[in-house]
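no sequence on this one, just coordinates:
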């Protein structure tokens with residue numbers, strides 16, 4: 001087994017293959033991985049919520065936000081379709097630009113963790129195992145751990161997509177940071193990027209600055225690939 005480091009986060013999944021049907025009896029094919037993505041998204045959402053409360057019992061609960069779910073799915077599908085793993089797509093688009101295109105009223109702090117994991121088609125994708133491996137990988141990276149554990153986040157959305165042999169996952173977190181509704185007269189809304197949510201919050205003075213979107217993306221996440 002080999003491990004590689006590339007600029008995004010994934011994790012190592014160890015899988016075994018056993019013949020429970022006896023010699024000469026082929027195992028039935030695994031479910032189509034595309035049909036497992038919704039279950040994977042749901043389980044990741046639950047596991048992250050559990051870990052947040054373990055890290056900080058005072059952390060705000062994360063409400064599932066349909067807009068963030070849609071953007072997370074769009075991001076993961078773009079990575080799967082174009083075969084890349086990065087916060088910015090080949091066309092320069094980011095989840096922040098997508099969110100702001102879809103929602104003229106969005107402002108505050110937007111956090112993002114991404115991951116990718118290879119799978120063996122003959123084994124398929126087990127949502128429970130993959131969810132634990134994705135979340136464990138984020139927890140093993142201090143930057144990603146800080147991102148998912150930031151106590152002021154109160155909304156989230158997870159999106160998963162699959163190509164021929166890889167599962168891509170995006171989780172978004174958001175909080176409006178107590179900012180007032182954005183002005184309808186604003187024609188441009190700046191986006192600032194930070195490596196961790198604490199730095200982003202510290203950079204937001206009081207009273208609040210003009211409404212904008214602040215994006216938190218871990219600077220040097222890890223990506224583990226495994227061949228099974």
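It's in. Since the model is a prediction, treat every value here as computed from it, not as a measurement.

residue ranges for the strands of this protein, please.
63-64, 108-118, 155-162, 166-175, 191-194, 213-216 (DSSP state E).

can I get these in JSON lines with distance to residue 130 and mean pLDDT?
All C-beta atoms are positioned from the backbone trio N, CA, C, and that covers glycine. Shown next, in JSON lines, are those (distance: least, Cβ to Cβ, whole Å; pLDDT from 0 to 100):
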{"stretch": "strand 63-64", "distance to residue 130": "19", "mean pLDDT": "96"}
{"stretch": "strand 108-118", "distance to residue 130": "6", "mean pLDDT": "93"}
{"stretch": "strand 155-162", "distance to residue 130": "9", "mean pLDDT": "97"}
{"stretch": "strand 166-175", "distance to residue 130": "6", "mean pLDDT": "95"}
{"stretch": "strand 191-194", "distance to residue 130": "29", "mean pLDDT": "61"}
{"stretch": "strand 213-216", "distance to residue 130": "24", "mean pLDDT": "47"}
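
Including distance to residue 39, could these go into CSV?
What follows is those, written out as CSV (distance: least, Cβ to Cβ, whole Å):
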stretch, distance to residue 39
strand 63-64, 15
strand 108-118, 15
strand 155-162, 9
strand 166-175, 12
strand 191-194, 32
strand 213-216, 27
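
Quick one, which of these gets closest to residue 129.
Nearest to residue 129 among the strands of the chain is strand 108-118 (10.1 Å), distances taken as Cβ to Cβ.

tell me the angle that closest one makes with strand 155-162.
Here strand 108-118 runs at an angle of 30 degrees relative to strand 155-162 (axes from the mean of the first three to the mean of the last three Cα atoms, to 10 degrees).

Partner strands of strand 108-118 and their direction?
strand 166-175 (antiparallel), strand 213-216 (parallel) (DSSP bridges).

Now render these as TSV, adding distance to residue 145.
Below are those laid out as TSV (distance: least, Cβ to Cβ, whole Å):
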stretch	distance to residue 145
strand 166-175	13
strand 213-216	13
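
So in this protein, where's the weakest helix or strand by average pLDDT?
strand 213-216 (a mean of 47; mean pLDDT, DSSP states H and E).

In this protein, where is pLDDT below threshold?
For the chain, the stretches with pLDDT under 70 are 1-24, 180-228.

What is the top helix by length along it packed up against?
When the chain is parsed with DSSP state H, its longest helix is helix 37-55. Other helices and strands packing on helix 37-55, by 3 or more Cβ pairs under 8 Å, 6 or more residues apart in numbering; DSSP states H and E, are helix 127-140, helix 142-149, strand 155-162, strand 166-175.
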